[in-house]
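> Following is a predicted model, sequence given first.
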Amino acid sequence: MGQPVVHFEIIGSDPGKLRGYYGDLFGWEFHTGDAATEKVSAPGEYGFVQGGEVVEATGTTGIPGGVGGGPGYQQRVLFYVGVDSVEEALAKAESLGGKRVMGPEPAEGGAFTVGHFLDPEGNLIGVAGPPA
């Protein structure tokens, strides 16, 4: 395997709202502070997410990341979150103001299932879980 993913970022114009959304959706807890540079996020608006927990559904270890930004910061994101049920995660994402884009779709060979949704600011997010 090549170099693994070690961090993710979700950047948008309203980082507090995004942290609330992802906290509700995935149960993430944030430690808010400063990003490495103001080019990434407004001071005091970067919420760190701890990694290292094993996701039972996929047997993988979660990676650390951050949610930040502020007015004038361009939206960007791309990552997959391990979930117990892709359908339930997509339905919950929709109930919280997101929009389903794809899925659930079984992966080639049926080893797992994936889906995509847009969060309230239009960021594309992936979810992956066991076969449906």
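Thanks, I have it.

> which SS class is the spatially closest residue to Ala107 that is not a sequence neighbour?
Using Cβ to Cβ, 6 or more residues apart in numbering and skipping the chain neighbours, the partner closest in space to Ala107 is Val114 (6.1 Å). Bear in mind the C-beta positions are built from the backbone N, C-alpha and C, glycine included. Using DSSP: H, G, I helix; E, B strand; the rest coil, the structure places Val114 in strand.

> ok, now the one 3 residues further on?
Put simply, Phe117 is strand when judged by three-state DSSP.

> check contacts around it.
Listed by Cβ atoms under 8 Å, 6 or more residues apart in numbering, the contact set of Phe117 reads Leu90, Ala93, Glu94, Gly98, Lys99, Arg100, Val101, Leu124, Ile125, Val127.

> distance of the residue located most distally from the centre of the chain from Pro131?
Relative to the mean C-alpha coordinate of the chain, counting by Cα atoms, centre = their mean, the farthest residue is Gly109 (24.9 Å). When Cβ to Cβ, to the nearest Å is applied, the distance between Gly109 and Pro131 equals 10 Å.

> any idea which strand is longest in this structure?
strand 99-106 (DSSP state E).

> Please, a ChimeraX command that selects the buried ones among the contacts of Phe117?
Here is the ChimeraX command that selects the buried residues among these (16 or more other Cβ atoms under 10 Å):
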select :90,93,98,125,127
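
> what does the model give the closest residue to Gln50 other than its chain neighbours for pLDDT?
For Gln50, ignoring the flanking residues on the chain, the nearest one in space by Cβ to Cβ, 6+ apart is Pro64 at 6.0 Å. According to the predicted model, the pLDDT of Pro64 comes to 92.

> what's the neighbour count on Pro64?
Applying other Cβ atoms under 10 Å, we find 12 residues neighbouring Pro64.

> for Glu38, same thing?
Other residues lying near Glu38 total 13 when counted by other Cβ under 10 Å.

> measure it to Pro106 for me?
Distance from Glu38 to Pro106, by Cβ to Cβ: 43 Å.
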